[in-house]
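**Student:** Please work out how this folds:
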Amino acid sequence: MIKSKHFFCLIMFLLPGGLFACSCANEGVINNFQRSEFVAKAKIIKITPDSANSEYHDAVIEIINLYKGEQLSKIKIMSSLNTSCGFLPDENSTWIIFASTWQGVLSFGFCSGSMQVDRHFDPVMYPNGAKNWGNTVKLREGAIAFLSDHEIFNPNPSLIRPHSSEIGSFKGYKNENSFAVFQVDVNADFSIAKIKQLKKFENKTLNKLVFNSMKKNLKLSGRRGKPLAKPTRLILFCYYYEQNGSQQSFLSFFDV
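**Tutor:** Numbering: from 1, shown residues only. Below is the predicted model:
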């Protein structure tokens, strides 16, 4: 079966040029990690066109941290330069790469969720850009490192969506770490059988509020509104976002 992100890009390739801008669904870092066969922080050393397929480029990479899959020194880039989904990183740039196999080729591209770690921001136009992006990369890389270290390669097999009317109201707390992690055992009707905390917030008061709120107010749902075929387990991250200017610190289930 063609994976959804690649299928969407394929449709874009077949449409008349310029008719639509390329767009990708925001799956979130946990789902990106789950669906990918290879995840690593790596420096792109050299890029050359694929002589056999113009939709791809070949990249020589130097792995800094391997989070999922096998050690590689080369990987394909789904560049598709003649489409609105054109994507070609710079040589000597550093990325967190999410790659999966499509039509027998392990590659990453515009819609893979990959992130340039050393992204440049104009300090005049975006004075807080580098700091904010650095915090985003640190949070997302921390999440995939946690999954990798604990060998949790399928954290949300049923693609369950979490909801809480209270989590977003916990604002203004000081906290040193970026996320807490919960193991949620889920019944087929999406009711919660058990919640266990795998990683705590450093702020004990905040952690207690969040854990109690999870036990009382957490709601779960599926993408199609149908019950699960069988009970399952969900690894749920609750992210902490520090104060930014006049915006108070806050919590979210989504890596924004």
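**Student:** Low-confidence stretches in the stretch 1-150 of the chain?
**Tutor:** Applying pLDDT under 70 to the predicted model, the residue ranges of the stretch 1-150 of the chain that meet it are 1-21.
**Student:** repeat that with 50
**Tutor:** Applying pLDDT under 50 to the stretch 1-150 of the chain flags residues 1-19.
**Student:** residue ranges for the helices of this structure, please.
**Tutor:** Chain-ordered helices for the chain, with DSSP state H as the definition, fall at 4-14, 29-35, 129-149, 204-217.
**Student:** Please tabulate these in CSV, including the columns mean neighbour count and distance to Gln71.
**Tutor:** C-beta: built from backbone N, CA, C; applies to glycine. Below are these laid out as CSV (neighbours: other CB atoms under 10 Å; distance: least, CB to CB, whole Å):
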stretch, mean neighbour count, distance to Gln71
helix 4-14, 16, 24
helix 29-35, 21, 18
helix 129-149, 17, 14
helix 204-217, 16, 37
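**Student:** Make a markdown table out of the ones you listed and add distance to Leu81.
**Tutor:** Written out in a markdown table, the entries for the helices of the chain read as follows (distance: least, CB to CB, whole Å):
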| stretch | distance to Leu81 |
| --- | --- |
| helix 4-14 | 11 |
| helix 29-35 | 23 |
| helix 129-149 | 25 |
| helix 204-217 | 45 |
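**Student:** out of the ones you listed, nearest to Ile44?
**Tutor:** Taking CB to CB as the criterion, Ile44 comes closest to helix 129-149 out of the helices of the chain, the separation being 15.9 Å.
**Student:** So which elements touch that closest one?
**Tutor:** Helix 129-149 is packed against helix 29-35, strand 38-49, strand 56-68, strand 94-102, strand 179-186, strand 232-241, with contacts defined by 3 or more CB pairs under 8 Å, 6 or more residues apart in numbering; DSSP states H and E.
**Student:** one step back: so which of the helices of the chain is nearest Ala52?
**Tutor:** helix 4-14 (17.2 Å).
**Student:** which residues touch the residue most central in space within the chain?
**Tutor:** Computing the C-alpha centroid of the chain and ranking residues by CA atoms, centre = their mean puts Val29 first, at 1.1 Å. Val29 is in contact with Gly113, Arg140, Ala143, Ile144, Asp255, counting by CB atoms under 8 Å, 6 or more residues apart in numbering.
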